[in-house]
Every structure is written in structure tokens, then in C-alpha cells.
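take a look and give me a structure for this.
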Amino acid sequence: MMSSQPDRPQDGPPRLLRAETLEWSDAMLLGHAPIDVAHEEFVEVVTALADCTQHSALGCLRDVEAHLLSHFAIEQEWMEKTEFPAADCHLDEHQRVMDAVQKVNALAAVGEVGLHDVKRLAQALADWFPGHADYMDSALSAWINKKMHGGAPVVLRRDLQATAVA
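The predicted structure follows:
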């Protein structure tokens, strides 16, 4: 059970923290449908975690952990099957994220952390994901497409704002 103590910043009164979250869009597509589906689900569970309440936090934490276990296991399977050259680095990053999520989940379950800490985790995940997807997962998507189809992925994106070139 999560702590019912009010969450207090180090030097101040209690405050409610709402993490800025991700919003799914076609700009996040990488060109390998299973990765894209997993990423959209990631955005959903992290958004739910960011929006959780004292009463829904434990369920949201469990959902994030379950999603990541599945998501990361599938990516590991693809890396092994295709002999992805950067697998060790990629899997190390997954493990660090998994360790953090499982630690917060375990501490929340016994009341050692409160809503503030859960929201900080949601923010950390929202901050981490774009860089991971842009660099590590896009490389994995390109590798899988090259192995499966002999070329780079083709990504069709809808509803993107066009920027004018000066």
C-alpha cells in the first residue's frame, strides 16, 4: 500500500506533482509495426501513470512494469534472432529502466514511497523514451527491416505540421 503521508519537496509544503507526459503521434513511428505498436502502448501506460491518483497508482505501476517486461522481452528476442550488433548496449539500457521501475513498484507496494515519487518515475520515463526510441529503437527497426526486407523502413506519417524552409 502506498504511503498516505503527504508528499513534500525537500524544503517546502506538500504539493501535487503532475508529470508532463508523452503524446503519441505519427512522428514517433519507426517503420517496424510491432515496435510501433509497443511504443504506442508505452505512451499509454506512462500517461496513465502520470495521471494516476493515490488510489490508482499501484495498478498503474503494475501496468507499466508488465508492459516493460513484455516490450523488452520481445525486443530482446528480435535482437537475438537477427544478431543485432548493438544488442548489449540496448539491453543494458532496458535493464536500468526495468530496475528503476521494479524498485519504485516494490517500495510503493509496502508504503515506502508516495504519489510524488510515482509521478517522478512517470516523468523520468517520459523524458527517457524519446531519446531511446530515436537512437536505439530506430536503429533496431532499421536493422530488422534490412534483415527481413533488404532495405530501410518506409514510414508514412499523417498529420505532421510542415515547416517552411527559408
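
please report how far M136 lies from V113.
28 Å (CB to CB, to the nearest Å). The way it works is simple: take the backbone N, C-alpha and C, and place the C-beta from them, glycine included.

and if you look at M79?
32 Å.

who's more crowded, the two?
V113 (23 against 19; other CB atoms under 10 Å).

how about that one, secondary structure?
coil (DSSP: H, G, I helix; E, B strand; the rest coil).

surely it and L107 touch.
Yes - with contact defined as CB atoms under 8 Å, V113 reaches L107; the gap is 4.5 Å.

which one's the longest helix in the chain?
helix 57-82 (DSSP state H).

average pLDDT across that helix?
Mean pLDDT, helix 57-82: 97.

any idea how far that helix is from the middle of the chain?
9 Å (CA atoms, centre = their mean, to the nearest Å).

which strands and helices lie in contact with the helix or strand following that helix?
Proceeding N to C from helix 57-82, the next assigned helix or strand is helix 87-109, under DSSP states H and E. If you count contacts as 3 or more CB pairs under 8 Å, 6 or more residues apart in numbering; DSSP states H and E, helix 87-109 packs onto helix 57-82, helix 115-131.
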